[in-house]
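> everything below, folded, please.
(chains A and B)
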Protein chains: 2
Amino acid sequence: MLDASVSTSRVHSIILGIDPSVRGTGFGVIRIEKRQPMVVGHGSVKCPASWERSRCLAQITRTLREQIQKLRPTVCIVEGLFYAQNFQTALIMGEARGASLVAAAEAGLEIFEIAPRKVKQAIVGYGAAQKLAVAKMVQRLLNLATPPEADAADALALALAYAQTTSRYSFDPPKRV
Amino acid sequence: MLDASVSTSRVHSIILGIDPSVRGTGFGVIRIEKRQPMVVGHGSVKCPASWERSRCLAQITRTLREQIQKLRPTVCIVEGLFYAQNFQTALIMGEARGASLVAAAEAGLEIFEIAPRKVKQAIVGYGAAQKLAVAKMVQRLLNLATPPEADAADALALALAYAQTTSRYSFDPPKRV
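Model prediction:
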């Protein structure tokens, strides 16, 4: 069953997943094909530890803006709320998320979030799956020669999990942000 | 005594303070004059509760980008780490902060943070001062006809607190972000 937040959404065939983090934001774009989803592009925004945090944030927005312009997704999926070790970590994760969402929102993309547990359930069939299991399943689902690098794999997993919500047997619909 | 993070900084005479928040980001720009600091501009980015969060973030970045272009500050001050009621609040505050810092960093501003307690100490002389006391002191220091609206007052207080760090008898220097 799809609720209003999904049914009023446009149908998207090019999907951007983003896994935000100040030093290594992963991104991945997939295209929905009849037989199976295809990778359009993926990578990560690496920021050296020597960079000030604000410089990293600008780099995240700039890189994602360029990738969106190049790869033309129409919808963006980020990780939903999760728990961090402490308040400071949460604030810093929020900053990376804010920098990512600005790039997507300014480009006019529809934006949804899916909880990490649901992404793992959708991809691996197990909500507490390890990172490597996710990367291997992403590799298989997208028919890649090698597993994508960890940050990009998480981003591709988000895009794939969203793609499932638009299929007939959907799990819980994602939430707009 | 100024430490390296301040002494290597350029001398700034037009200072932007930002108090980030998803629904009401305050901003204020002051200019350092010989006799006393002057207001160049101030206001807030109001986002209705009906707007999705990502739309608010894009609006924050866009508005601050325009204000920076118009008012030409060369340095930006945001609130340093503070404590929120819970993890979700921290994450959402982080998003607003990220959206704000992107605008400042992309415009090439130097960016510092000052802890809220230190801002209050600098402006009111008391680290646990009430919001209204801060607004009234901002009004007096900037010679304004009426106290600025709360969000803008906090932003102006940040800019004024930074201005003190460049004066001869400085309290702790602010931290780069």
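
> and residue A:18, that's in a helix?
No. Under DSSP: H, G, I helix; E, B strand; the rest coil, residue A:18 falls outside any helix and is assigned strand.

> now the phi/psi pair for the residue of chain A most remote from its centre, please.
No residue in chain A sits farther from the centre than residue A:50, which is 26.0 Å out by Cα atoms, centre = their mean. Main-chain torsions, residue A:50, degrees, to the nearest 10: phi -70, psi -20.

> with residue A:25 instead?
phi -80, psi 120.

> stretch A:52-70 near chain B at all?
Yes. Using Cβ under 8 Å from any Cβ of the partner chain, we find that stretch A:52-70 touches chain B at A:52-55, A:57-58, A:60-62. All C-beta spots, glycine's among them, are computed from the backbone N, C-alpha and C.

> who wins for neighbours among these?
The most neighbours of any of the residues of stretch A:52-70 next to chain B, using other Cβ atoms under 10 Å in any protein chain shown, belong to residue A:57, which has 33 neighbours.

> element containing it?
Using DSSP states H and E, residue A:57 sits within helix A:53-71.

> just checking, what packs against the helix or strand just after that helix?
Downstream of helix A:53-71, the first helix or strand assigned by DSSP H and E is strand A:75-79. Contact here means 3 or more Cβ pairs under 8 Å, 6 or more residues apart in numbering or on different chains; DSSP states H and E; on that basis strand A:75-79 packs against strand A:14-19, helix A:87-106, strand A:110-114, helix A:150-165.

> 10 Å instead, please
strand A:14-19, strand A:24-31, helix A:87-106, strand A:110-114, helix A:116-124, helix A:150-165 (3 or more Cβ pairs under 10 Å, 6 or more residues apart in numbering or on different chains; DSSP states H and E).

> what's the most buried one of the ones you listed?
Of all these, strand A:14-19 carries the top mean neighbour count, a mean of 28, counting by mean count of other Cβ atoms under 10 Å in any protein chain shown.

> that one near chain B at all?
No. Strand A:14-19 stays clear of chain B (Cβ under 10 Å from any Cβ of the partner chain), getting no nearer than 11.4 Å.

> find the closest residue to chain B in chain A.
Using Cβ to the nearest Cβ, the closest approach of chain A to chain B is made by residue A:94 at 1.8 Å.

> returning to what we had before: distance of the residue farthest from the centre of chain A from residue B:44?
Distance, residue A:50 to residue B:44, by Cβ to Cβ, to the nearest Å: 34 Å.

> among the helices and strands of chain A, which one scores worst on average pLDDT?
Lowest by mean pLDDT, DSSP states H and E among the helices and strands of chain A is helix A:4-7, with a mean of 44.

> what does stretch A:46-56 rub up against?
For stretch A:46-56, the surrounding residues in contact (Cβ atoms under 10 Å, 6 or more residues apart in numbering or on different chains) are A:21-25, A:45, A:57-60, A:63, A:92, A:95-96, A:99, A:151, B:76, B:78, B:97-98, B:100-102, B:104-106, B:109-113, B:175-177.

> at 6 Å instead, please
A:22-24, A:59, B:101, B:105, B:111, B:176-177 (Cβ atoms under 6 Å, 6 or more residues apart in numbering or on different chains).

> what do you get for stretch A:91-106?
Taking Cβ under 6 Å, 6+ apart as the rule, stretch A:91-106 contacts A:18, A:20-22, A:57, A:60-61, A:64-65, A:76, A:84, A:111, B:54-55, B:57-58, B:61, B:90-91, B:94-95, B:97-99, B:102.
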